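> Dropping a prediction and its sequence here:
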Amino acid sequence: MCSVISRVKPCHRALAVSLRLRTNTDSPSYAAAQSRRFSPGLSSGVEPLRVASRSYSSRTAMTEGLLFRQLLELESKTYTYLLADTATKEAVLIDPVLETIDRDLKLIGELGLNLKVAVNTHCHADHITSTGLMKKRLVGLKSAISKYSGASADILLSEGDKIPFGKHCLTVRDTPGHTDGCMTLVMEDQSMAFTGDTLLIRGCGRTDFQQGCAKRLYHSVHQKIFTLPDQCLIYPAHDYLGQTVSTVGEERKFNPRLTKSIEQFVDIMNNLNLPKPAKIDISVPANLVCGLHEV
């Protein structure tokens, strides 16, 4: 399942920059955004929004032959990602949540997809995965997670492993720090990266529980994510401000934590003083066994 497949030639991508601004569309900033949107040869980064309350500047890309959906679970603010090959209908689901299993399966059925793998980017502390229950409802579905997570799954992943679906694949990059078993999943053409809780939009996962280590997280981001192309889209496992996507270039320039020195970063992470996740005592034990269901 995770065997290396032949490298897919880079696909042509239709790119567009969508700037959602809380400003008048006749303003100079809006005009400049439109100019950038329709100009060929897009720059590697997107300029920050100069507004008091930050709207989100997103860049969208389409890999030829790829179906992509971003889905939100409201309580934990978890993003679930559905990716599929439009020709073969083979699909992968990233970070599914127990409470939204019916929604996800309904969408998969409506789109006529064959879900091959349901993968978790790490052992989550704020929600229970639906992978175990989903396996009972979809014949042939395999669960996957990092081998360093300590969790049970059909497929235990590590650095360089590939999750193929049709002509596409996701490649694993181990990115520990939030937990030992955190990983980032990168599309074969490096157009998209699913960073779990390692890198969030203008933030990162906390490091004060579940084997957390600020130094490891800092090195993971700088060595495994910030080395991707500037235009690579960043899709995190969570966002609490309604932001849906960022880019490597943006986060490398504007992330308020990870643009600091490692010493400053460690100091920031050691002084967050966040409350314990409300569901950690039930979520972690459940997720260690694929959501309390057989794997």
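Happy to help now that I have it. The model shown is predicted, which means the values in this text are computed figures rather than measured ones.

> How far does stretch 265-285 sit from its chain's centre?
In terms of CA atoms, centre = their mean, to the nearest Å, the centre of stretch 265-285 is set 19 Å apart from its chain centre.

> what is the mean pLDDT for it?
In this model, stretch 265-285 has an average pLDDT of 95.

> Same question for stretch 95-111.
Stretch 95-111 comes out at a mean pLDDT of 98.

> Now do that stretch: distance from first to last residue.
19 Å (CA to CA, to the nearest Å).

> Buried ones in that stretch, by neighbour count?
Under the neighbour-count criterion of 16 or more other CB atoms under 10 Å, stretch 95-111 has 95, 96, 97, 98, 100, 101, 104, 105, 107, 108 buried. The way it works is simple: take the backbone N, C-alpha and C, and place the C-beta from them, glycine included.

> So which of these is the closest to residue 160?
residue 95 (20.7 Å; CB to CB).

> correct me, but that closest one touches residue 121?
Yes: Residue 95 is within contact range of residue 121, at 5.7 Å (criterion: CB atoms under 8 Å).

> Overlap of the contact sets of these two?
194, 196, 237 (CB atoms under 8 Å, 6 or more residues apart in numbering).

> What is the neighbour count of the first one?
Which is residue 194. 24 (other CB atoms under 10 Å).

> do the second one as well
When counting by other CB under 10 Å, one arrives at 28 neighbours for residue 196.

> if I pick it, what's in contact with it?
So residue 196 contacts 95, 121, 122, 175, 178, 182, 183, 184, 205, 236, 237 (CB under 8 Å, 6+ apart).

> go with 10 Å
79, 94-95, 120-122, 124, 146, 175, 178-179, 181-185, 205, 235-238 (CB atoms under 10 Å, 6 or more residues apart in numbering).

> just the helices in the stretch 51-200 of the chain please.
101-110, 131-137 (DSSP state H, counting those that start in this stretch).

> Any chance of JSON lines for these, columns distance to residue 90?
Putting these into JSON lines (distance: least, CB to CB, whole Å) gives the following:
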{"stretch": "helix 101-110", "distance to residue 90": "11"}
{"stretch": "helix 131-137", "distance to residue 90": "16"}
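
> What residues of stretch 154-165 count as buried?
154, 155, 156, 157, 161, 162, 163, 164, 165.

> List the ones among the residues you listed that fall in strands.
155, 156, 157, 162, 163, 164, 165 (DSSP state E).

> Adding distance to residue 264 and pLDDT, write the residues you listed out as JSON lines.
Listed next are these as JSON lines, based on distance: CB to CB, whole Å; pLDDT from 0 to 100:
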{"residue": "155", "distance to residue 264": "38", "pLDDT": "98"}
{"residue": "156", "distance to residue 264": "35", "pLDDT": "98"}
{"residue": "157", "distance to residue 264": "32", "pLDDT": "98"}
{"residue": "162", "distance to residue 264": "36", "pLDDT": "98"}
{"residue": "163", "distance to residue 264": "35", "pLDDT": "98"}
{"residue": "164", "distance to residue 264": "40", "pLDDT": "98"}
{"residue": "165", "distance to residue 264": "40", "pLDDT": "98"}
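
> Now that we have the contacts of residue 196, which of them are buried?
Buried among the contacts of residue 196 (16+ other CB under 10 Å): 79, 94-95, 120-122, 124, 146, 175, 178-179, 181-185, 205, 235-238.

> thinking residue 235 is in contact with residue 69, fair?
No: taking contacts as CB atoms under 10 Å, residue 235 lies outside contact range of residue 69: 11.2 Å.

> shared neighbours of these two, anything?
residue 81.

> Any idea which residue is closest to the centre of this protein?
residue 194 (2.7 Å; CA atoms, centre = their mean).

> which ones are touching it?
79, 81, 83, 92, 94-95, 119, 121, 170, 183-187, 233-237.

> cutoff 7 Å now
81, 94, 121, 184, 185, 235 (CB atoms under 7 Å, 6 or more residues apart in numbering).
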